[in-house]
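>>> Just a sequence and a predicted model for now, questions to come.
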Amino acid sequence: MRALAKGSVVAVIGGGAMGRGIAQVAASSGHEVRIFDTRPDAAADAVDAIGKVFATLVGKGRMDAAQAGPARERLRAVASLAELKDAALAVEAIVENLEAKRRLFAELEGIVDAGCILATNTSSISVTAIAAGLRHPERLVGMHFFNPVPLMALVEVVSGLATDREVAATVYATAQDWGKDPVHAKSSPGFIVNRVARPFYAEALRLLQENAADAPTLDAVMRDCGGFRMGPFELMDLIGHDVNFSVTQSVHAAYFGDQRFTPSVLQQEMVNAGFLGRKSGRGFYRYG
Ligand code: NAD
């Protein structure tokens, strides 16, 4: 199966942490990228931020100036979903909420062409459920990137019950074309990575609550002895506690309240406090 053609339009809906990364990678790979966000200025801020990333990469000699200029030119913030009409692929990276995602795709379906692939970057919501209710659920697929998108090679290409095999194959080939290492997965709670990672976070949070050791010590042990690139608390701070907590809630609910996936009260309090990690300046560590 062929990847999307260079120069074709990729719509990115949601200009937050993930949407920015996806837009950067798509523009670097030769696509015209349109970013839409409901928050005023968020899409324009995303374009500016990606432009700055390109400039930094050029400064460090990790990107050719001759590539950075055109890649920046291929990025555009748009003010309405209607402006995504020409998209060949629309990747959604909005809030992790089933109803919000369903509403968005239902609206998009009325705007884009019949051949446009609809992709969701959901971390944990059933791809089958997101597609349900669409006129053409077979064109919706999970395209699950990892944070930070430009650096993380893995992409889970997640098929729901209705997903067309060719749609999944095109997204797989496109991820490869974007320099990623995709894997196919079926839509089951947490897919692959977020499923196997649940105990990593959960046991670390339990150890902390039991005062077994503090967060820096637990992180150092997992990094230095466990061989992980980041410890669990550093990683949760990077992902964002709101995102991480909602993934756990969603996996827990999807398994009918299985105790193995019980969300952490400590993490809930972090979310209640607004200590969301790097993005809010404070999580288990302080930033900025
Ligand atoms: P974020 O909060 O950084 O960004 C979300 C953006 O979406 C915000 O700018 C918000 O204004 C915008 N938005 C919300 N509702 C919208 C709507 N209806 N239409 C258009 N824009 C809307 O969140 P994020 O961390 O980028 O996560 C986005 C998605 O990616 C979530 O589904 C999340 O589960 C998933 N994801 C996150 C990570 C991670 O590590 N943060 C990793 C993989 C997948």
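Received the coordinates, thanks. Numbering: from 1, shown residues only.

>>> give me every residue that touches the residue in the chain that the ligand sits nearest to.
Using C-beta to the nearest ligand atom, the closest approach of the chain to the ligand is made by Gly16 at 1.8 Å. For every residue, glycine as well, the C-beta is placed using N, CA and C. Residues near Gly16 by C-beta atoms under 8 Å, 6 or more residues apart in numbering: Asp37, Ala42, Ala46, Ala93.

>>> mind listing what Asp219 touches?
Met230, Gly231, Pro232, Phe233, Glu234.

>>> Can you check the pLDDT for the residue lying closest to it once chain neighbours are set aside?
Leaving aside its chain neighbours, Asp219 sits nearest to Gly231 (2.5 Å; criterion: C-beta to C-beta, 6 or more residues apart in numbering). With respect to pLDDT, Gly231 scores 97.

>>> low pLDDT regions in the stretch 101-250 of the chain?
Within the stretch 101-250 of the chain, not a single segment meets pLDDT under 70.

>>> how about the residues of it near the ligand?
Leu104, Asn121, Thr122, Ser123, Phe145, Phe146, Asn147, Ile239, Gly240, Val243 (C-beta under 6 Å from any ligand atom).

>>> Can you flag the buried ones in the residues you listed?
Among these, those classed as buried by 16 or more other C-beta atoms under 10 Å are Leu104, Asn121, Thr122, Ser123, Phe145, Phe146, Ile239, Gly240, Val243.

>>> which among those residues gets closest to Gly21?
Phe145 (6.6 Å; C-beta to C-beta).

>>> for Phe261, what are its contacts?
Phe261 sits next to Arg198, Ala202, Thr248, Val251, His252, Tyr255 when contact means C-beta under 8 Å, 6+ apart.

>>> Turn the buried ones among those into a named PyMOL selection, would you?
A single PyMOL command selects the buried members of the contacts of Phe261 (16+ other C-beta under 10 Å):
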select buried, resi 198+202+248+251+252
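
>>> quick one: which helix or strand includes Arg76?
strand 75-78 (DSSP states H and E).

>>> who are the neighbours of whichever helix or strand comes after that strand, in terms of helices and strands?
The C-terminal neighbour of strand 75-78 among helices and strands, as given by DSSP H and E, is strand 87-92. Here strand 87-92 touches strand 9-13, helix 17-28, helix 98-109, strand 117-120, going by 3 or more C-beta pairs under 8 Å, 6 or more residues apart in numbering; DSSP states H and E.

>>> Validate this expectation: Val155 resides in a strand.
Yes. Counting by DSSP: H, G, I helix; E, B strand; the rest coil, Val155 is located in a strand.

>>> List the beta-bridge partners for it.
Residues in a beta bridge with Val155, per DSSP bridges, are Pro182.

>>> quick one: contacts for it?
Met143, His144, Phe145, Phe146, Ala175, Lys180, Asp181, Pro182, Val183.

>>> Would you indicate which residues of stretch 226-240 are buried?
Gly231, Pro232, Phe233, Glu234, Leu235, Met236, Asp237, Leu238, Ile239, Gly240.

>>> Could you chop this protein up by domain?
Per the record, the chain has its domains at 9-186, 197-280, by automatic domain parsing.

>>> Turn these into JSON lines, including distance to Tyr287.
Formatted as JSON lines, the domains of the chain follow (distance: least, C-beta to C-beta, whole Å):
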{"stretch": "domain 9-186", "distance to Tyr287": "14"}
{"stretch": "domain 197-280", "distance to Tyr287": "5"}
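
>>> Of those domains, which stretch is the most buried?
Comparing the domains of the chain by mean neighbour count (mean count of other C-beta atoms under 10 Å), domain 9-186 comes out on top with a mean of 19.

>>> Off-centre distance for that one?
Averaging C-alpha positions (C-alpha atoms, centre = their mean, to the nearest Å) puts domain 9-186 9 Å from its chain's average.

>>> State the distance spanning the first to the last residue of it.
End-to-end span of domain 9-186 (C-alpha to C-alpha, to the nearest Å): 27 Å.
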